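Visitor: Following is a predicted model, sequence given first.
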Amino acid sequence: MKKTTLLLLALLTCTYFAKAEDGHELWLRNKSATNVNIQTAKKSPVLDIAINELKKGWLGKNDAKLKFEFSTDASIKGDGFRLERSTIKAKTDLGILYGTFEMLRRQYLGKADENFSSNPSYSRRILNHWDNLDGSVERGYAGKSIFWRNDQDLTISQADRELYQLYGRANASVGINGTVLNNVNASAKILTAPYLKKVQAIAGILRPYGLKVYLSVNFSAPVTIGKLKTADPLDAQVRKWWADKAKEIYQLVPDFGGFLVKANSEGQPGPQDFGRTHVDGANMMADAVAPFGGIVMWRAFVYQTSEQDRTKQAYNEFLHYDGQFKKNVILQVKNGPLDFQPREPFSALFGAMNQTPVMPEFQITQEYLGQSKQLAFLSTLWEECLNSDTYQKGKGSTVAACTDGTLSKNPLTAIAGVANIGSDRNWTGHIFAQSNWYAFGRLAWNNQLKSEDIADEWIRQTFLDAGEKAKDQAFVKPVKEMMLESREAIVNYMMPLGLHHIFAEGHHYGPAPWFANTKIRADWTSVYYHKADTIGLGFNRSHTGSNSVEQYHEPLRSKLDNLATCPEEYLLWFHHVPWTYKLKNGKDLWTELCYRYDTGVQQVRTFQKTWDKVHGLVDEERFTAVQSKLRTQSRDAQIWKDACLLYFQTFSKRDIPYDIERPVHDLEALKKLTKSKSYE
Ligand code: BDP
C-alpha cells in the first residue's frame with residue numbers, strides 16, 4: 001500500500017474512533033491545545049490540578065496570561081470565586097479550582113467574556129454512596145461499587161486510582177466537596193482497621209479535588225466490633241469507644257468530614273433500642289468528632305409504628321428536639337415526607353426547625369423513577385422542592401432559604417444526593433442519568449439555578465464541541481425540551497395527580513397498585529397509599545383524615561386541606577376524591593386520570609421521535625444506547641398505564657374514554673410481573 005493511502009486510512013480510523021464515545025468522560029470531554037500562561041504566587045496539590053485543567057482545556061486566546069489571585073474581597077465567600085478576563089480571584093485554593101472549572105465551562109459554552117462571581121449556597125455538598133462492602137450497591141443501577149469489592153480485597157489498583165481521580169475531577173467540576181463512601185444501612189466493619197486504611201487511601205486520592213470523605217456508621221458498632229455489652233449512648237464506655245474511634249479515624253484522615261447515621265429506621269439499630277432518644281444518640285457521636293471539627297448528619301428518615309400515617313412520623317419524632325442537638329449535628333431530611341417518589345410535597349420538617357440545621361437529601365439514583373432504564377432529568381424535581389414555600393417565616397421561606405442559612409443564619413449548611421454512580425463504563429447506566437449527577441452538583445453549588453440552564457450546559461458539554469452553535473435548533477432545543485419534560489412524563493404514566501408508592505414491592509420499578517399483604521407492615525403495601533374504593537381514590541390527609549396538613553404553616557395548611565384549593569398535582573396525596581369529582585378543567589377524576597396516564601405514554605413516544613430525529617448529530621454509540629433505552633421506557637410506560645387504569649377501573653366501574661388508546665395488556669398478565677427480571 002502506498003504511504004499516502006496508509007496515512008489516509010490512519011486518519012479515517014482516527015476520526016471514526018474519535019467520534020465513538022462511550023460516556024466515560026462525562027461532561028468533561030474538552031481537549032484543547034491552546035496555550036495559556038498561569039501566574040500563581042502559591043503552590044499546592046489543589047492548585048496543581050487547577051493548572052493542569054487549564055492546560056488541558058483552555059479555549060481562550062492562545063498564549064493568554066492568567067493570574068490566580070488570593071483576594072480579601074468581602075463579596076467572595078467560602079470557596080467562592082470571582083472571574084475576570086485574565087484573573088481568577090478566590091480566598092482559598094479550592095475557590096481557585098472551582099473558579100477554574102467555571103471559567104473553562106464558560107469558555108466551552110461560549111460565554112467567557114463577562115466577569116462572573118459565584119459563592120456556594122451550601123458549605124457541604126455531599127454525595128451519599130449506598131455502597132455495600134461486598135461491592136453491591138443498594139438501589140444502584142450502574143454496576144458494582146467503585147469503592148468496595150469484598151473483605152479479601154481492600155487494595156487499590158492503578159485502574160482504581162485513575163477512576164477515583166476522574167471521579168474527583170468530575171465532582172470538583174460541579175462543586176461537590178464531600179462523599180460518603182458506604183451505605184446508610186451500614187456495616188460496622190467499615191470502622192475496622194483494614195477498611196479504615198482503605199478509607200485513608202481513598203481520602204488521599206480525593207483530597208486535592210476538594211472532596212472530604214465521610215462514613216455511614218452503624219449505631220451498634222461498639223457491640224459488633226468493639227465487643228462492648230451495649231451501645232447505649234449514655235454509657236461511659238460506649239462514649240469512650242466512639243471518642244477513641246473518632247481519634248483513630250482522624251489520625252488516618254485529618255480532614256475527615258464526619259458521620260452519617262441511619263438510626264432506628266427500617267430495622268437499623270439506634271438509641272431508642274436503649275430507651276434513649278435521637279438527641280442522645282446524635283450528641284454522643286457529635287461529641288466524639290467535635291474535637292476534630294467533624295459533623296454528624298443524622299437522618300430523619302424514620303417511621304416506627306404502622307398505625308400512624310407514615311408521612312407524619314419523621315416530623316412528629318423530631319420537631320420537639322429542635323434546639324437540643326449539639327452545634328455540629330445537622331438533620332438530613334429527604335425532599336418529601338415519604339420516600340423519593342416521582343412527586344411528593346416537600347417534607348414539613350424543612351419549615352419546622354428554628355434552631356437545628358436541616359439539610360435536604362435528594363436521590364440522584366432513580367430508585368422510583370425508572371432506574372437506569374428510563375430517562376428522567378431530576379433537576380426539575382429538585383428545583384420544585386427547593387422553591388417550595390414553607391412559610392416558616394412568612395412568604396418566601398422556601399426550602400432553599402430554610403436550608404442554606406438565609407433564614408436561620410446557621411453556619412452549618414449542607415445538602416446530600418444519593419449517588420447513581422457505579423462501575424459501568426459510563427458511570428450511571430443511562431447516558432442521560434449523568435445529567436442528574438451534574439445537576440445535583442450545580443444546584444448544591446447554587447440552589448437558584450434553573451433546570452433549563454443546567455440542561456443546556458450539560459447537553460452542550462456532553463454532546464457538542466466547544467462553542468458549537470450550528471446544532472442549537474436541531475439538537476440542543478429538542479433534547480432540552482425532552483429532558484425538561486421527562487420527570488413530568490414519568491409522573492403522568494406512573495403516579496399522576498398525587499398518587500404515590502404504588503410500585504411493585506422490593507424492586508420499585510414496575511407498577512403493582514394491587515399490592516396488599518397482611519403479613520407485612522401496611523405502609524409497605526400499595527393499597528395503603530391509594531385507598532381506591534367504589535367511591536373514589538386517594539389518601540385523606542386533610543383534617544378529616546390523618547391530618548398531615550397540620551404540619552404545614554398557614555396559609556399553605558388551609559390551601560392543602562381544602563379539596564377545592566389543593567394544587568391538583570397533590571390532590572390524591574391529601575384527599576380521598578370521588579371518581580365523579582370535577583377537576584379545574586371540567587373533567588371528572590376518573591376521566592382525568594385516564595388522560596394523564598395516556599399523556600405520559602404519548603410523551604415517551606414523542607421522546608423516541610425526538611431522539612430518532614437527532615440521528616447523525618451525535619456519535620453512533622451513544623445514539624444507539626439512548627435509543628434502545630427509550631424503547632424500553634416506552635414499553636414500560638405502557639405497562640404502567642395499562643396496569644393502573646385496568647386495576648383502578650375495577651373500582652371506578654367506568655369506561656376508559658374512547659378517544660384514548662386501549663390498553664394492550666391484560667390485568668392478570670401484568671400482575672405476574674412481580675420481579676425486576678420481568679422487565680429485562
Ligand atoms: C428507601 C430505599 C432503601 C433505603 C432507604 C433509606 O428503598 O433501600 O435504605 O430508602 O433511605 O428509599 O434509608
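Guide: Arrived safely.
Visitor: got a list of what residue 67 touches?
Guide: Counting by CB atoms under 8 Å, 6 or more residues apart in numbering, residue 67 makes contact with 38-40, 86-88. (Each C-beta comes from the backbone N, C-alpha and C, glycine too.)
Visitor: Let's see that with 7 Å instead.
Guide: Applying CB atoms under 7 Å, 6 or more residues apart in numbering to residue 67 gives the contacts 39, 86-87.
Visitor: The ligand contacts on the stretch 51-200 of the chain?
Guide: Counting by CB under 6 Å from any ligand atom, the positions of the stretch 51-200 of the chain adjacent to the ligand are 138-139, 184-185.
Visitor: Compare the residues you listed and tell me which has the most neighbours.
Guide: Most neighbours among those, by other CB atoms under 10 Å: residue 184, with 25 neighbours.
Visitor: Please tell me the pLDDT value assigned to the nearest residue to it once chain neighbours are set aside.
Guide: Nearest residue to residue 184, sequence neighbours excluded (CB to CB, 6 or more residues apart in numbering): residue 262, at 4.1 Å. We have a pLDDT of 98 for residue 262.
Visitor: tell me the contacts of residue 262?
Guide: Contacts of residue 262 by CB under 7 Å, 6+ apart are 184-185, 268, 299, 301.
Visitor: Reformat those residues into JSON lines and put secondary structure and pLDDT next to each item.
Guide: JSON lines is the format used below for these (DSSP: H, G, I helix; E, B strand; the rest coil; pLDDT from 0 to 100):
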{"residue": "184", "secondary structure": "coil", "pLDDT": "98"}
{"residue": "185", "secondary structure": "coil", "pLDDT": "98"}
{"residue": "268", "secondary structure": "coil", "pLDDT": "96"}
{"residue": "299", "secondary structure": "strand", "pLDDT": "98"}
{"residue": "301", "secondary structure": "coil", "pLDDT": "96"}
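Visitor: out of these, who's nearest residue 358?
Guide: The nearest member of those to residue 358, counting by CB to CB, is residue 299 at 11.3 Å.
Visitor: and that closest one, what are its bridge partners?
Guide: residue 332 (DSSP bridges).
Visitor: ok, longest helix in the chain?
Guide: For the chain, the helix with the greatest residue count under DSSP state H is helix 620-652.
Visitor: pLDDT (mean, whole number) over it?
Guide: pLDDT averaged over helix 620-652 gives 98.
Visitor: State the number of residues packed around the residue nearest to residue 621 when sequence neighbours are not counted.
Guide: Excluding its sequence neighbours, the residue lying closest to residue 621 (CB to CB, 6+ apart) is residue 20, at 4.6 Å. Number of residues near residue 20 (other CB under 10 Å) recorded here: 10.
Visitor: next one: the one 5 residues further on
Guide: A count of neighbours around residue 25, defined by other CB under 10 Å, yields 16.
Visitor: Surely the residue nearest to residue 621 and residue 619 touch.
Guide: Yes. Between residue 20 and residue 619 a contact is recorded at 5.6 Å, counting by CB atoms under 7 Å.
Visitor: Kindly report the residues of this structure close to the ligand.
Guide: For the chain, the residues in contact with the ligand (CB under 6 Å from any ligand atom) are 138-139, 184-185, 262, 266, 301, 339-340, 367.
Visitor: with those in mind, which one is nearest to residue 654?
Guide: residue 339 (30.7 Å).
Visitor: Need the per-residue pLDDT for the closest one.
Guide: At residue 339, pLDDT is 97.
Visitor: That one belongs to a helix?
Guide: No. Under DSSP: H, G, I helix; E, B strand; the rest coil, residue 339 sits outside any helix and is assigned coil.
Visitor: Report the separation between it and residue 218.
Guide: Distance, residue 339 to residue 218, using CB to CB, to the nearest Å: 21 Å.
Visitor: Looking at those two now, which is surrounded by more residues?
Guide: Using other CB under 10 Å, the more surrounded residue of residue 339 and residue 218 is residue 218, with 26 against 19.
Visitor: Identify the residues contacting the more buried one.
Guide: So residue 218 contacts 186-188, 224, 269 (CB under 7 Å, 6+ apart).
Visitor: give me the number of residues near residue 114?
Guide: 9.
Visitor: Go ahead and report the secondary structure state at it.
Guide: coil.
Visitor: And it, what's its pLDDT?
Guide: pLDDT, read off for residue 114, is 81.
Visitor: cool, and residue 33?
Guide: With respect to pLDDT, residue 33 has a value of 77.
Visitor: Could you give the number of residues near it?
Guide: 8.
Visitor: Equivalent analysis for residue 610, please.
Guide: Residue 610: 16 neighbours (other CB under 10 Å).
Visitor: now swap in the one 5 residues further on and tell me
Guide: Summarising burial for residue 615: neighbours were counted as other CB under 10 Å, giving 11.
Visitor: my guess is it meets residue 623, correct?
Guide: Yes. Using CB under 7 Å, residue 615 makes contact with residue 623 at a distance of 6.0 Å.
Visitor: that older thread, let's have the contacts of residue 67 in TSV, adding pLDDT.
Guide: Formatted as TSV, the contacts of residue 67 follow (pLDDT from 0 to 100):
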residue	pLDDT
39	97
86	92
87	97
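Visitor: Now which of those residues would you call buried?
Guide: residue 87 (16 or more other CB atoms under 10 Å).
Visitor: Tell me the strands beside the strand or helix carrying residue 89, with direction?
Guide: Secondary structure from DSSP states H and E places residue 89 in strand 87-90. With DSSP bridges as the test, strand 87-90 is paired with strand 64-70 (parallel), strand 81-84 (antiparallel).
Visitor: okay, those strands, which one's buried deepest?
Guide: strand 81-84 (a mean of 21; mean count of other CB atoms under 10 Å).
Visitor: For it, give the mean pLDDT please.
Guide: Strand 81-84 comes out at a mean pLDDT of 96.
Visitor: which residues are in contact with it?
Guide: So strand 81-84 is contacted by 73, 76, 88-90, 95-96, 98-99, 102-103, 115-118 (CB under 7 Å, 6+ apart).
Visitor: on that earlier part again, could you tell me which of the contacts of residue 218 belong to strands?
Guide: Members of these lying in strands (criterion: DSSP state E): none.
Visitor: ok, the closest residue to residue 265 other than its chain neighbours to residue 261 distance?
Guide: Once flanking residues are discounted, residue 265 sits nearest to residue 302: 4.6 Å by CB to CB, 6+ apart. According to CB to CB, residue 302 and residue 261 sit 11 Å apart.
Visitor: likewise residue 164?
Guide: Residue 164 is 25 Å from residue 261, where distance means CB to CB.
Visitor: now swap in residue 373 and tell me
Guide: According to CB to CB, residue 373 stands 32 Å off from residue 261.
Visitor: for residue 637, same thing?
Guide: For residue 637, the distance to residue 261 (CB to CB) stands at 38 Å.
Visitor: same deal with residue 222?
Guide: Relative to residue 261, and taking CB to CB, residue 222 is found at 14 Å.
Visitor: SS state for residue 37?
Guide: strand.
Visitor: show me the contacts for it.
Guide: So residue 37 contacts 63, 65-66 (CB under 7 Å, 6+ apart).
Visitor: Export those residues as a markdown table, with columns for pLDDT and distance to residue 385.
Guide: Output for the contacts of residue 37, formatted as a markdown table (pLDDT from 0 to 100; distance: CB to CB, whole Å):
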| residue | pLDDT | distance to residue 385 |
| --- | --- | --- |
| 63 | 96 | 46 |
| 65 | 96 | 43 |
| 66 | 97 | 38 |
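Visitor: Out of the residues you listed, which comes closest to the ligand?
Guide: Set against the ligand, the nearest of those by CB to the nearest ligand atom is residue 66 (43.6 Å).
Visitor: Across the sheet, point out what pairs with the closest one.
Guide: Beta-bridge pairing for residue 66 (DSSP bridges): residue 38.
Visitor: wait, is residue 135 part of a strand?
Guide: No. With three-state DSSP as the criterion, residue 135 is assigned coil and is not in a strand.
Visitor: mind checking how far it is from residue 657?
Guide: 49 Å.
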